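Trainee: everything below, folded, please.
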Amino acid sequence: MQSVAILLFILVTVFIIYQKYFAKRYAPITYPYKKVGSLMGSKEIAFYNALIAALDNRAIVFSKVHMADVIMPVPNKDKKKWLAAFNKIARKHLDFVICRPGTLEVMCIIEFDNGKELNKTKAEREKLLMHVCKTSGIPLIGANEKYAYQVGRLRKVLAEYIDTLEIEPEVRFCKECQSPMVVKVGVQGAYKGKRYYACSRYPNCKHTEDFIEEINWS
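Mentor: Numbering: from 1, shown residues only. Model (predicted):
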């Protein structure tokens, strides 16, 4: 009788363990799901559209890429150190990854600043991102929403890292006669030794404008 009780106890224990650890795991998935909205916020969408326009089909843009799909820790005999380094990037993502058409070779990474206040989590992410990009040799570009309205300036920044991208010179037009203006260096007068814009129809049109260095938005 005692052996029967022991056997019954064992069977009940096994049943409880099965229900707790195995039955739920393999139970049919019945909880409903729904799709999310856009993959990006409004600021990210505006920048993404500017990025597509700036690249002009010369490179491929990927968004929200798993960091471990792009960057991996270098091999190490100490498996614990390698695993610790991997765990640092395992759940991280990259805002934008620019790849070469055809081969999808990574050309650069863009970190988009959404304007939120810099806190500990954000600071640690930026520190990690700068480290992994520096050690892996992948160029890292910081950008913000201002670039969404400065496609030409964004293209110039990208051209430093994307060899397939060509820069078209910006043309300024004369306010007096609407002719193209050219950059010259003054040899006398107020513009001596300085660059300035002069009308291409000079001397028929003598309109000039100050040459203003571009502002770095980053």
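Trainee: for the rest of this, base every contact and every neighbour count on C-alpha atoms.
Mentor: Noted.
Trainee: in the protein, where is pLDDT below threshold?
Mentor: Along the chain, segments meeting pLDDT under 70 span 1-12, 14-28, 167-171, 212-218.
Trainee: what's the domain layout of it?
Mentor: 42-159, 181-210 (automatic domain parsing).
Trainee: how far off centre is the longest one?
Mentor: Distance, stretch centre to chain centre, for domain 42-159: 4 Å (CA atoms, centre = their mean, to the nearest Å).
Trainee: pipe the domains of the chain into CSV and attach mean neighbour count and distance to Glu166 per row.
Mentor: Listed next are these as CSV, based on neighbours: other CA atoms under 10 Å; distance: least, CA to CA, whole Å:
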stretch, mean neighbour count, distance to Glu166
domain 42-159, 15, 7
domain 181-210, 15, 20
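Trainee: quick one: closest of those to Pro32.
Mentor: domain 42-159 (24.9 Å; CA to CA).
Trainee: A helix includes Cys108, no?
Mentor: No - counting by DSSP: H, G, I helix; E, B strand; the rest coil, Cys108 falls outside a helix, being strand.
Trainee: test my guess that it contacts Ile141.
Mentor: Yes - Cys108 is within contact range of Ile141, at 7.3 Å (criterion: CA atoms under 8 Å).
Trainee: which stretches of this protein form helices?
Mentor: In the chain, the segments counted as helices under DSSP state H are 2-18, 42-55, 79-90, 120-136, 151-159.
Trainee: for Ala198, which of those helices is the nearest?
Mentor: Ala198 lies closest to helix 151-159 among the helices of the chain, at 21.8 Å (CA to CA).
Trainee: between that closest one and helix 42-55, how many degrees?
Mentor: Put simply, helix 151-159 runs at 70 degrees to helix 42-55, going by axes from the mean of the first three to the mean of the last three CA atoms, to 10 degrees.
Trainee: what sits closest to Phe112 if chain neighbours are left out?
Mentor: Once flanking residues are discounted, Phe112 sits nearest to Ala143: 5.0 Å by CA to CA, 6 or more residues apart in numbering.
Trainee: for Asn114, same thing?
Mentor: That would be Asn144: by CA to CA, 6+ apart, it lies 6.5 Å from Asn114.
Trainee: wait, doesn't that neighbour sit right on Lys116?
Mentor: No - contact criterion CA under 8 Å: Asn144 and Lys116 do not qualify, at 10.9 Å.
Trainee: can I get the helices of the chain in TSV including distance to Arg195?
Mentor: Putting those into TSV (distance: least, CA to CA, whole Å) gives the following:
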stretch	distance to Arg195
helix 2-18	81
helix 42-55	27
helix 79-90	48
helix 120-136	36
helix 151-159	20
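Trainee: right, and those helices - which one's nearest Thr103?
Mentor: So among the helices of the chain, helix 42-55 is nearest, using CA to CA, at 16.5 Å.
Trainee: so which residues make contact with the closest one?
Mentor: 61, 112, 114, 144-145, 147-152, 154-155, 158, 165 (CA atoms under 8 Å, 6 or more residues apart in numbering).
Trainee: go again with 6 Å.
Mentor: Under the contact criterion CA atoms under 6 Å, 6 or more residues apart in numbering, helix 42-55 has outside partners 148, 151, 155.
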